[in-house]
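Visitor: Predicted model and sequence below, questions to follow.
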Amino acid sequence: MKKYFFFDIDGTLTTPLTADYPESTREAIRLLIRNGHFVSIATGRMQADAWEVAKTLGIPAVVSDGGNAVTIDGKILYDEGLPLSDCFQMLAETDEEKHPWAAAPYNRKYRITRTPLYLEKVKDRYYETKVDRDFDFRRVEAIHKIFVACTKAEVHEVPLHGLPHVWFSADTMLIEPVHKERGIMEIQKKFHIPDEDIVVFGDGMNDLTMFRKEWMTIAMGNAKPQLKAKARYITDRADEDGIYNACRHFGWI
């Protein structure tokens, strides 16, 4: 029976500390595809970033941008940004001296900030960061993500205007979509997939919405307790062959 698999990336396909793709995970994906199953990524990462991972692992489909984009066989079915009016309000009202921010207006790992304070306060360099004091966020056509120099204790100081957020790191709040289930449902509709044939793997808080009771939900051993509580099955850690072991346990490979 053909199943449709959706894998989170960080902490699920990759090991939590080293961010490597274990050989057992690569083998599980190869075997799933060889056995006729459909395999997709389901991630908060931007489409271009997620598609590079998919190509590395030989995965043909991607739900990215937290559900705001879907790619199948290299063709982008849709790719939407965050709601612009809410972003404009938030950025206009945020104290840039205390909580400098950077916005990602394009489908690539590139963000723009209006102050060098951002690079002083935020440690990560995963995205290329440009300082442009004249950057007018109101003139962009899309905003895919917003990074804010902020700790969890300071979150009440940032006017979110209903925008969803996760934690990129201890010093950075990340505004990004958190409805991966939307992208999965688009693929479900496209291929007329019964709920019982959908399998999702995850480990983090941004996986909560795709852990629906209608689907087979599998939490990694390194998953957050809230996700484990929603899972139908809990496998081993990502660095302990968790994906391979679960797929063997259920006879998918």
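Guide: Okay, I see it.
Visitor: Next, residue 228: secondary structure please.
Guide: Here residue 228 is recorded as helix under DSSP: H, G, I helix; E, B strand; the rest coil.
Visitor: same question, residue 199
Guide: Per three-state DSSP, residue 199 ends up strand.
Visitor: For it, name its beta-bridge partners.
Guide: For residue 199, the beta-bridge partners are residue 5, residue 216 (DSSP bridges).
Visitor: shouldn't it be in contact with residue 5?
Guide: Yes: if you go by Cβ atoms under 8 Å, residue 199 and residue 5 touch, sitting 4.9 Å apart. For glycine as for every other residue, the C-beta is placed from the backbone atoms N, C-alpha and C.
Visitor: Check the contact lists of the two and give me the overlap.
Guide: Counting by Cβ atoms under 8 Å, 6 or more residues apart in numbering, residue 199 and residue 5 have no shared contacts at all.
Visitor: contact partners of stretch 158-165?
Guide: Contacts of stretch 158-165 (Cβ under 8 Å, 6+ apart): 66, 82-83, 86-87, 89-90, 93-94, 99, 146, 148, 150, 155, 173-179.
Visitor: actually stretch 118-130, not the one I wrote
Guide: Here stretch 118-130 makes contact (Cβ under 8 Å, 6+ apart) with 100-102, 104, 109-113, 131, 147, 149, 168-169, 171-172.
Visitor: quick revisit: from the contacts of stretch 158-165, which ones fall inside helices?
Guide: 86, 87, 89, 90, 93 (DSSP state H).
Visitor: Any chance of these in JSON lines with neighbour count, distance to residue 126 and pLDDT as columns?
Guide: Formatted as JSON lines, those follow (neighbours: other Cβ atoms under 10 Å; distance: Cβ to Cβ, whole Å; pLDDT from 0 to 100):
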{"residue": "86", "neighbour count": "16", "distance to residue 126": "24", "pLDDT": "97"}
{"residue": "87", "neighbour count": "23", "distance to residue 126": "21", "pLDDT": "97"}
{"residue": "89", "neighbour count": "16", "distance to residue 126": "26", "pLDDT": "97"}
{"residue": "90", "neighbour count": "22", "distance to residue 126": "22", "pLDDT": "97"}
{"residue": "93", "neighbour count": "11", "distance to residue 126": "26", "pLDDT": "97"}
